[in-house]
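> Got a predicted structure plus its sequence, pasted below:
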There are 2 protein chains.
Amino acid sequence: MKALRVGIAGLGTVGASVARIVVEQGEALSARCGRRLELKAVSARDKRKDRGFGMAGVEWFDDPVTLARSADIDLFAELMGGEGDPAKAAVEAALQRGVPVVTANKALLAHHGVELANAAESKDLALNFEAAVAGGIPIIKALREGLGANRISRVYGILNGTCNYILTTMEASGRSFEDVLAEAQRLGYAEADPTFDIGGMDTAHKLSLLAAVAFSNAPALDGIHVEGIERITPLDIKFAHEFGFRIKLLGLATRTANGVEQRVHPAMVPLGTPLADVDGVFNAVVAEGDLVGKSVYEGRGAGAGPTASAVMADVLDIARGVRLSAFGSPASRIQRPKIVPISEHSGACYLRFTVIDRPGVIAVLSRCLADQAISIESMLQRSRSPGGAVPVVMITHEAEESAMAKALSAVVATGIVMEQPCMVRIERF
Amino acid sequence: MKALRVGIAGLGTVGASVARIVVEQGEALSARCGRRLELKAVSARDKRKDRGFGMAGVEWFDDPVTLARSADIDLFAELMGGEGDPAKAAVEAALQRGVPVVTANKALLAHHGVELANAAESKDLALNFEAAVAGGIPIIKALREGLGANRISRVYGILNGTCNYILTTMEASGRSFEDVLAEAQRLGYAEADPTFDIGGMDTAHKLSLLAAVAFSNAPALDGIHVEGIERITPLDIKFAHEFGFRIKLLGLATRTANGVEQRVHPAMVPLGTPLADVDGVFNAVVAEGDLVGKSVYEGRGAGAGPTASAVMADVLDIARGVRLSAFGSPASRIQRPKIVPISEHSGACYLRFTVIDRPGVIAVLSRCLADQAISIESMLQRSRSPGGAVPVVMITHEAEESAMAKALSAVVATGIVMEQPCMVRIERF
């Protein structure tokens, strides 16, 4: 059989890794997929950079769209990133020419997934994106194929290694968020502009894709309630432990009677459950299906190796002639889900108030909660500083978000808190 | 497209679940796989039993081989079990007729996998067996496809829910192995004849298949060193905790410079690692690849739902026209691996000796170990019973199995132990 000629747009860490694997193992991998792989063409910004693989016989393009349009390739790998052009234009150009696409671009898929899936399916082409979510975990394949006969009710997990590294390090060292973030930036674990990661948007992109595949919906990024980890303090992490929890940034998508609920926020996870033990830059995903019950997947979420592994799995599938619908069901059939707003969510919470240490304060707090019918499960006021600021923390029983929001506004209105209350949702699985 | 006509041999819990899914969801699942599913024919021992699904229009066969040979089916699902005939004859008959096969039969694949894979590939047919290993975990797909570009160095895990349930319950309750096993049998978690599970053979079957797919080898069941959990006592579990471990029955396959090492035995797993936290009837598998590093998969290993989920994933793949080599590489290319015998394995161990409590005993034990160049990392002799029997437990540093065997024989030869020493290997991942 003729070799599968691969074109790669983008030669950053991931693109260069994929290129090297194709060059060095293209022959060996034919035992796995029945077809030899050949690196045919690449595009990147700087032609002169040494990227650690042989470029002999590989066509060079300055422009990815030109590569997608004009080269003699059988597969287009989009590894540039970015939700708009040139990534989008290049993917469209490849599909239009009848070339299947592999991409690691979560932003592109989260924003234009259905449009691109339709373009792919109208020509019966694969549009694979295993690398867009939790690189080292073949979770798209697991949801789309391995659990394909299940009705998935919930999918959730730790999807951002930067946040998980920061939270894990804050816990281990007792240092502040700002301090650990600065270190993570120095070590290259966090971007120079970390907003996208720590603000939760990266997790939201990935969650929108997981939910789409799990529920056979269109990705609905704007239907995700997103909070980041910026306001978590070492004190919250310490109190979490006392109450039997660890704090993790989670993405959660749940099918309810009223639609799909999608949330990204820091959450308290019970110690001893699989997600609580996921440390450092690891990712983990839990899927709950009617047949399998709960199944858990854990692995490295990012980095050249894990991401290249995912890209190559998609490449091997195309080499084998496998062509699945991008989101598990035909693009023509999938629709935007009905979104359940966060105000309708109901759950237990951890609350931290910074108050002046004087008698009567707890009575005022309790009253504000009671007025919204929110019950307190446990409460701690450990430190004493008469007349000064002290933290009061509590765990509530299950309450509606709308009631909680009103209660917290009422607390702020009394003037007894020195800063905005901190609320972390509790997730018991 | 024409419906995919499914024939099912064996209507036990799993077979009946699969049949019900095909009957009730055959239409709905066409969105997932592009083709309607239809239950065409079944065979089982007792025709009159009510199995909870509509049999109208379904052809009945008393004999699975006749079903495989004569019915108008496009897919044959072998869900009877058993390493020999009629399962083997039926699978062969189906393949010979040009019908792809899905099976949950680990014994059949472990014993005759390559022969059947060759038969399937000579006709370009699928032979899928996701359900044969860790039902609720799509681990065959993960290894064969999701991690397909990796060189896997090691695959290991908890593969038998019965053993894991017994060990977890022994730990929680402090009760003896015999007592918990009897309860597990009453509750239906263990077979009337539990030898196959508790003796480790079930785990060995599954390990031989995992290793085959991970390393692209032929399954080599007879090259697995197998020990069961029968000799584990509540005392060992308690001491394990003191040393920072939990005891789990593991299957481990490792690629070494000299070949493939395959072992099934109880092992001490460090607390806080993913495998240590896998409780009850859950299974978990860890794969280590050159690109992804470590990835972990956890879910229910058995039961009608999880197993049917795995069978259906295989069915959906066939409906989509996906045809992969059974063991990841063409059957004609895969070979029996060179087996590294257990005597060449090297590792740390937990040892428990039951000795008469009198001065000098520890000196004798230490000498026997020292004579084989085995160093002791830590030792405990907690209880006192002068002149009576007491346990002495220790953790050794890494030592060769052959040296350990000699040391233990020497200990027995001194006459100071009241029963055969208990040895549990320590696995630090």
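Yep, it's here.
> Tally up the residues packed near residue A:238, please.
Neighbourhood size, residue A:238 [other Cβ atoms under 10 Å in any protein chain shown]: 14. Any C-beta I mention is one placed from the backbone N, CA and C, and that applies to glycine too.
> Is it correct that it falls within a helix?
Yes. Under DSSP: H, G, I helix; E, B strand; the rest coil, residue A:238 sits within a helix.
> Next, the contact list for it, please.
residue A:174 (Cβ atoms under 8 Å, 6 or more residues apart in numbering or on different chains).
> what ranges do the helices span in the stretch 151-300 of chain A?
A:161-173, A:177-187, A:195-198, A:201-215, A:234-242 (DSSP state H, counting those that start in this stretch).
> what secondary structure does residue A:116 sit in?
helix.
> is stretch A:310-324 up against chain B anywhere?
Yes. Applying Cβ under 8 Å from any Cβ of the partner chain, one finds stretch A:310-324 touching chain B at A:310, A:312-313, A:315-317, A:320, A:322, A:324.
> buried stuff in that stretch?
For stretch A:310-324, the neighbour count (16 or more other Cβ atoms under 10 Å in any protein chain shown) marks A:310-320, A:322-324 as buried.
> can you check stretch A:242-259 too?
A:243, A:245-255, A:259.
> Go through those and name the one nearest residue A:41.
Residue A:41 has its nearest neighbour among the buried residues of stretch A:242-259 in residue A:251, at 35.5 Å by Cβ to Cβ.
> Contacts only, for the closest one.
Counting by Cβ under 8 Å, 6+ apart, residue A:251 has contacts A:156-157, A:159, A:203-204, A:206-207, A:210, A:224, A:262-264.
> at 6 Å instead, please
A:159, A:203, A:207, A:264 (Cβ atoms under 6 Å, 6 or more residues apart in numbering or on different chains).
> Ok, residue A:390 next?
Residues in contact with residue A:390 (Cβ under 6 Å, 6+ apart) are A:357, A:383.
> can you give me how far the helix or strand hosting it is from the chain middle?
Using DSSP states H and E, the element containing residue A:390 is strand A:389-396. On the basis of Cα atoms, centre = their mean, to the nearest Å, strand A:389-396 is displaced by 30 Å from the centre of the chain it belongs to.
> Ok, stretch A:396-412 next?
28 Å.
> Give me the buried stretch members for that stretch, please.
In stretch A:396-412, counting by 16+ other Cβ under 10 Å, buried: A:396, A:399-401, A:403-404, A:407-408, A:410-411.
> Also stretch A:363-370?
Buried residues in stretch A:363-370, counted by 16+ other Cβ under 10 Å: A:364-365, A:368-369.
> Could you export that stretch as CSV, CA atoms only?
Presented in CSV, the C-alpha positions along stretch A:363-370 are these (Å, rounded to 0.1, in the frame of the first residue of the first chain):
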residue,chain,number,x,y,z
ALA,A,363,-24.6,35.0,64.9
VAL,A,364,-24.8,37.5,62.0
LEU,A,365,-23.2,35.1,59.5
SER,A,366,-25.5,32.3,60.5
ARG,A,367,-28.6,34.5,60.3
CYS,A,368,-27.7,35.6,56.7
LEU,A,369,-27.4,31.9,55.7
ALA,A,370,-30.5,30.8,57.6
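> so which helix or strand takes in residue A:111?
Assessed by DSSP H and E, residue A:111 sits inside helix A:106-122.
> Next, the residue of chain A positioned farthest from its centre: phi, psi?
Farthest-out residue of chain A from its mean C-alpha position, per Cα atoms, centre = their mean: residue A:359, at 44.3 Å. Taking degrees, to the nearest 10, you get phi -60, psi 150 for the backbone angles of residue A:359.
> okay, it: pLDDT?
Per-residue pLDDT puts residue A:359 at 85.
> One more: residue A:181?
95.
> still on that earlier bit, now render the contacts of residue A:251 as TSV, adding pLDDT and distance to chain B.
What follows is these, written out as TSV (pLDDT from 0 to 100; distance: Cβ to the nearest Cβ, whole Å):
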residue	pLDDT	distance to chain B
A:159	98	15
A:203	98	19
A:207	98	20
A:264	98	23
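> of the buried residues of stretch A:396-412, list those near chain B.
With Cβ under 6 Å from any Cβ of the partner chain as the criterion, the buried residues of stretch A:396-412 include none near chain B.
> thinking again about what came up before, the helix holding residue A:111: how far from the chain's middle?
The mean C-alpha position of helix A:106-122 is separated from the chain mean by 18 Å, Cα atoms, centre = their mean.
> Is that helix in proximity to chain B?
No. Judged by Cβ under 6 Å from any Cβ, helix A:106-122 and chain B are separated, with a smallest distance of 10.7 Å.
> Give the next helix or strand downstream of that helix.
Next element after helix A:106-122 (DSSP H and E): strand A:127-128.
> partner strands of that following strand, parallel or antiparallel?
strand A:101-103 (parallel) (DSSP bridges).
> residues of the helix or strand of chain A with the lowest mean pLDDT that come out buried?
One helix or strand of chain A scores below all others by mean pLDDT, DSSP states H and E: helix A:30-33, with a mean of 88. If you call a residue buried by 16+ other Cβ under 10 Å, then helix A:30-33 has these buried ones: A:30, A:32-33.
> got the contact list for the residue positioned nearest the centre of chain A?
Centroid-nearest residue in chain A, with Cα atoms, centre = their mean: residue A:203, separated by 3.1 Å. Shown in contact with residue A:203 (Cβ under 6 Å, 6+ apart): A:159-160, A:251, A:264.
> ok, which residues in chain A are in contact with chain B?
A:31-32, A:136, A:138, A:141-142, A:146, A:148-150, A:291-293, A:295-300, A:305-306, A:308-309, A:312-313, A:316, A:322, A:329.
> What about these, which are in strands?
A:293, A:295-300 (DSSP state E).
> a markdown table for the residues you listed, including neighbour count and pLDDT?
Below are these laid out as a markdown table (neighbours: other Cβ atoms under 10 Å in any protein chain shown; pLDDT from 0 to 100):
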| residue | neighbour count | pLDDT |
| --- | --- | --- |
| A:293 | 17 | 96 |
| A:295 | 27 | 96 |
| A:296 | 23 | 97 |
| A:297 | 28 | 98 |
| A:298 | 27 | 97 |
| A:299 | 30 | 97 |
| A:300 | 23 | 95 |
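> From residue A:324, how far off is residue A:312?
Using Cβ to Cβ, to the nearest Å, we find residue A:312 at a distance of 17 Å from residue A:324.
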